[in-house]
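Peer 1: pasted the sequence and its predicted model underneath.
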Amino acid sequence: MTRTAIVWFRWDLRTEDNPAWAAATADYDAVVPVFIWGPEEEGPKPLGGASCWYLHHALERFDARLRDRGSRLIVRRGPAADVLEELVEATAADAVFANHRYEPYAVDRDGDVASRLADKGAGFERSHGHLLIEPDAVRTKTGKPYQVFTPFWKSIRATIADEFLDEWKETSGVAADRRRKGRNDFPSPDTWPASVPIDDLGLLPTPDWAGGLRDTWTPGREGAIDRLRTFLDGPVLEYEHDRDFPAIEGTSRLSPHLRFGEIGVREVYVATVEKHGAEAADTFLSELAWREFAYHLLVHFPDTIGAPLKEKFDRMPWRDDPDGLRAWRRGETGFPIVDAGMRQLYATGWMHNRVRMIVGSFLTKDLLIDWREGEAWFWDCLVDADPASNTLGWQWVSGCGADAAPFFRIFNPTTQSERYDGKGDYIREFVEELDGLNPKAIHAPRRVDGYPGPVVDHGERRDAALEAYKAIK
């Protein structure tokens with residue numbers, strides 16, 4: 001008798017380094033890969049437009065990879081519990097396998113799924129495949145969740161020491177997939193359940209504004225592997241320095257591939273350590289740990305997904321400034337490094353991390369606009385919009401979150417521009433009106449046709465922001 005399992009893919013669109021897939025394919029004769037689109041279950045706000053574009057193409061490429069191995073991706077839409085109940089009945093599946101989700105709304109939904117499947121006599125087996133370590137695996141000496149990154153990183157670095165790497169390869173699915181290579185096809189059912197076309201999910205924008213995204217990204221497993229190889233072939237060794245300069249290709253740009261699980265974070269960690277050693281690549285590995293820290297905070301402080309961790313910021317006198325917010329979103333503030341970043345975001349679905357800090361500081365401290373406005377705009381515009389990392393980043397830059405930059409650390413956008421884009425190459429790439437200016441003039445231009453003057457006086461707004469902060473202290 002054929003034993004059938006369903007693997008429910010969420011933000012883990014890969015078969016390599018995928019514990020849920022490895023467990024199902026090791027023990028069952030037939031495995032049905034499933035993706036369920038249920039935006040009504042995805043928390044307080046739906047997936048943003050840029051992320052939807054990326055997801056559409058990621059699903060297409062994942063389905064193609066499965067078909068190369070004799071399988072396919074079954075796509076459904078609707079509430080997950082309803083869909084999985086139907087699929088269990090249609091396939092006579094004994095169990096549904098998935099990797100853990102950590103967002104509070106997803107945790108609640110998964111509890112309902114487990115209960116509904118149990119009533120149908122099917123198991124719901126969840127694995128750990130999204131992070132290096134589980135959010136509850138480490139605590140402070142007093143047993144509390146970490147709120148400061150450095151001791152958190154020191155703690156998990158001990159947990160993920162070199163001696164664990166071989167064990168990970170054996171348990172994460174990498175070794176299992178290598179063993180299966182002698183048998184090319186994945187275990188598949190004789191009859192496939194019905195599936196809806198990916199196009200019917202309505203993920204692509206209408207009208208089509210995604211030309212810049214197409215020019216910038218290659219969704220899918222192949223794109224992820226190419227990014228990783230390119231980065232490990234050299235840039236990773238200069239990462240500590242080059243990551244701060246937006247005109248340099250000094251970062252990995254793996255974030256959307258990690259966001260949708262086209263490559264696993266354990267796989268990235270292992271490949272980096274094997275090629276260069278943990279010490280040489282420590283700064284990059286710490287950035288992977290920052291992602292871990294974001295999920296550690298999300299799990300232990302779930303309210304931070306929409307509220308500041310530091311409660312005093314509930315009293316912050318944020319400004320209602322529609323004109324300032326509009327200028328910031330459009331990249332028309334009159335501060336070239338801010339405008340370059342915001343235009344890069346809108347055109348490519350991504351922004352350099354140093355510039356993310358600059359534009360975040362400008363919104364929350366120069367304009368004194370609520371950080372949640374920035375988080376919402378990034379959520380809609382980023383291809384790598386991640387609920388944990390996006391929240392942590394915005395709370396960090398605005399001073400209201402864990403291990404946050406102090407509120408009185410207010411970036412001067414002109415000084416930052418001169419320091420990190422000295423020749424103005426990054427600004428010229430995204431602010432075409434300033435292309436003809438020399439390196440000295442481009443950071444604080446005067447009366448350039450077609451380019452706006454500064455929307456605020458930075459010195460005045462810095463003083464106003466500090467006064468606002470004193471009021472809540």
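Peer 2: Sure thing, it's come through.
Peer 1: what about stretch 366-377, start to end distance?
Peer 2: 17 Å (CA to CA, to the nearest Å).
Peer 1: can you check stretch 233-244 too?
Peer 2: Start-to-end, stretch 233-244 (CA to CA) is 19 Å.
Peer 1: same deal with stretch 59-78?
Peer 2: 17 Å.
Peer 1: what comes into contact with that stretch?
Peer 2: 9, 13-15, 31-38, 83, 86-87, 184-186, 188, 192-198, 200-201, 219-223, 262 (CB atoms under 8 Å, 6 or more residues apart in numbering). Heads up, the C-betas are built off the backbone N, CA and C, glycines and all.
Peer 1: packing partners of the helix or strand harbouring residue 340?
Peer 2: For residue 340, the host element (DSSP states H and E) is helix 336-348. Helices and strands touching helix 336-348, by 3 or more CB pairs under 8 Å, 6 or more residues apart in numbering; DSSP states H and E, are helix 211-216, helix 322-330, helix 353-361, helix 371-381, helix 413-420, helix 425-430.
Peer 1: mind checking the pLDDT average for the longest one?
Peer 2: Helix 371-381 shows a mean pLDDT of 98 in the predicted model.
Peer 1: show me what secondary structure element comes after that helix.
Peer 2: Following helix 371-381 toward the C-terminus (DSSP H and E): helix 387-398.
Peer 1: let's see that next one as CSV, backbone CA atoms only.
Peer 2: What follows is helix 387-398, C-alpha atoms only, in CSV (Å, rounded to 0.1, in the frame of the first residue of the first chain):
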residue,chain,number,x,y,z
PRO,A,387,8.3,40.7,9.1
ALA,A,388,11.0,40.2,11.7
SER,A,389,13.9,42.0,10.1
ASN,A,390,11.8,44.9,8.8
THR,A,391,10.4,45.5,12.2
LEU,A,392,13.7,45.2,14.0
GLY,A,393,15.4,47.5,11.5
TRP,A,394,12.9,50.3,11.8
GLN,A,395,12.7,50.1,15.6
TRP,A,396,16.5,50.1,15.7
VAL,A,397,16.9,53.2,13.6
SER,A,398,14.1,55.1,15.4
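Peer 1: name the residue closest to the centre of this protein, please.
Peer 2: The centroid of the chain falls nearest to residue 386 when counting by CA atoms, centre = their mean (3.6 Å).
Peer 1: surely that one meets residue 294?
Peer 2: Yes. Residue 386 is within contact range of residue 294, at 7.4 Å (criterion: CB atoms under 8 Å).
Peer 1: residue 55: neighbour count?
Peer 2: 24 (other CB atoms under 10 Å).
Peer 1: show the contacting residues for it.
Peer 2: 47, 203, 260.
Peer 1: low-confidence ranges in the stretch 51-200 of the chain?
Peer 2: Low-confidence segments of the stretch 51-200 of the chain (pLDDT under 70): 161-183.
Peer 1: apply 90 and report the result again.
Peer 2: 137, 157-185 (pLDDT under 90).
Peer 1: would you map the strands across it?
Peer 2: 74-77, 95-99, 123-127 (DSSP state E, counting those that start in this stretch).
Peer 1: reformat those as JSON lines; add mean neighbour count and distance to residue 441.
Peer 2: Shown next, in JSON lines, are these (neighbours: other CB atoms under 10 Å; distance: least, CB to CB, whole Å):
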{"stretch": "strand 74-77", "mean neighbour count": "20", "distance to residue 441": "53"}
{"stretch": "strand 95-99", "mean neighbour count": "24", "distance to residue 441": "52"}
{"stretch": "strand 123-127", "mean neighbour count": "18", "distance to residue 441": "56"}
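Peer 1: could you dump the ones you listed to JSON lines with distance to residue 208?
Peer 2: Converted to JSON lines, these look like this (distance: least, CB to CB, whole Å):
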{"stretch": "strand 74-77", "distance to residue 208": "22"}
{"stretch": "strand 95-99", "distance to residue 208": "32"}
{"stretch": "strand 123-127", "distance to residue 208": "37"}
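Peer 1: out of the ones you listed, which comes closest to residue 413?
Peer 2: strand 95-99 (40.4 Å; CB to CB).
Peer 1: what angle separates that closest one from strand 123-127?
Peer 2: 20 degrees (axes from the mean of the first three to the mean of the last three CA atoms, to 10 degrees).
Peer 1: note down every partner strand of strand 95-99 and its orientation.
Peer 2: Sheet pairing of strand 95-99 (DSSP bridges) gives strand 4-9 (parallel), strand 123-127 (parallel).
Peer 1: can you give me the distance of residue 441 to residue 74?
Peer 2: Distance of residue 441 to residue 74, given as CB to CB, to the nearest Å: 58 Å.
Peer 1: okay, now the unreliable bits of the stretch 201-350 of the chain?
Peer 2: 278.
Peer 1: where does residue 403 land on pLDDT?
Peer 2: 86.
Peer 1: that one is in contact with residue 148, isn't it?
Peer 2: Yes. Proximity of residue 403 to residue 148 meets the contact threshold set by CB under 8 Å, at 4.7 Å.
Peer 1: the two: which has the busier surroundings?
Peer 2: Between residue 403 and residue 148, counted using other CB under 10 Å, the more crowded position is residue 403 (18 against 11).
Peer 1: quick revisit: what's the closest of the strands of the stretch 51-200 of the chain to residue 323?
Peer 2: Once the strands of the stretch 51-200 of the chain are compared by CB to CB, strand 74-77 is nearest, at 39.2 Å.
Peer 1: just checking: what are the partner strands of that closest one?
Peer 2: strand 30-37 (parallel).
Peer 1: could you pull out the helices for the stretch 1-150 of the chain?
Peer 2: 19-27, 49-68, 80-91, 104-119, 149-159 (DSSP state H, counting those that start in this stretch).
Peer 1: just the CA atoms of the third one, as CSV, please.
Peer 2: So that's helix 80-91. The C-alpha coordinates for helix 80-91 follow below in CSV (Å, rounded to 0.1, in the frame of the first residue of the first chain):
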residue,chain,number,x,y,z
ALA,A,80,-4.9,26.7,4.8
ALA,A,81,-6.8,24.4,7.1
ASP,A,82,-9.6,24.1,4.5
VAL,A,83,-7.2,23.5,1.7
LEU,A,84,-5.2,20.9,3.6
GLU,A,85,-8.2,19.0,4.7
GLU,A,86,-9.4,18.8,1.1
LEU,A,87,-5.9,17.6,-0.1
VAL,A,88,-5.6,15.0,2.7
GLU,A,89,-8.9,13.5,1.5
ALA,A,90,-8.0,13.7,-2.2
THR,A,91,-4.6,12.1,-1.8
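Peer 1: same for it, what does it pack against?
Peer 2: strand 4-9, strand 30-37, strand 74-77, helix 104-119.
Peer 1: and with 10 Å instead?
Peer 2: Applying 3 or more CB pairs under 10 Å, 6 or more residues apart in numbering; DSSP states H and E, we find helix 80-91 packed against strand 4-9, strand 30-37, strand 74-77, strand 95-99, helix 104-119.
Peer 1: got the angle between it and strand 4-9?
Peer 2: Using the same axes, to 10 degrees: helix 80-91 against strand 4-9 is 150 degrees.
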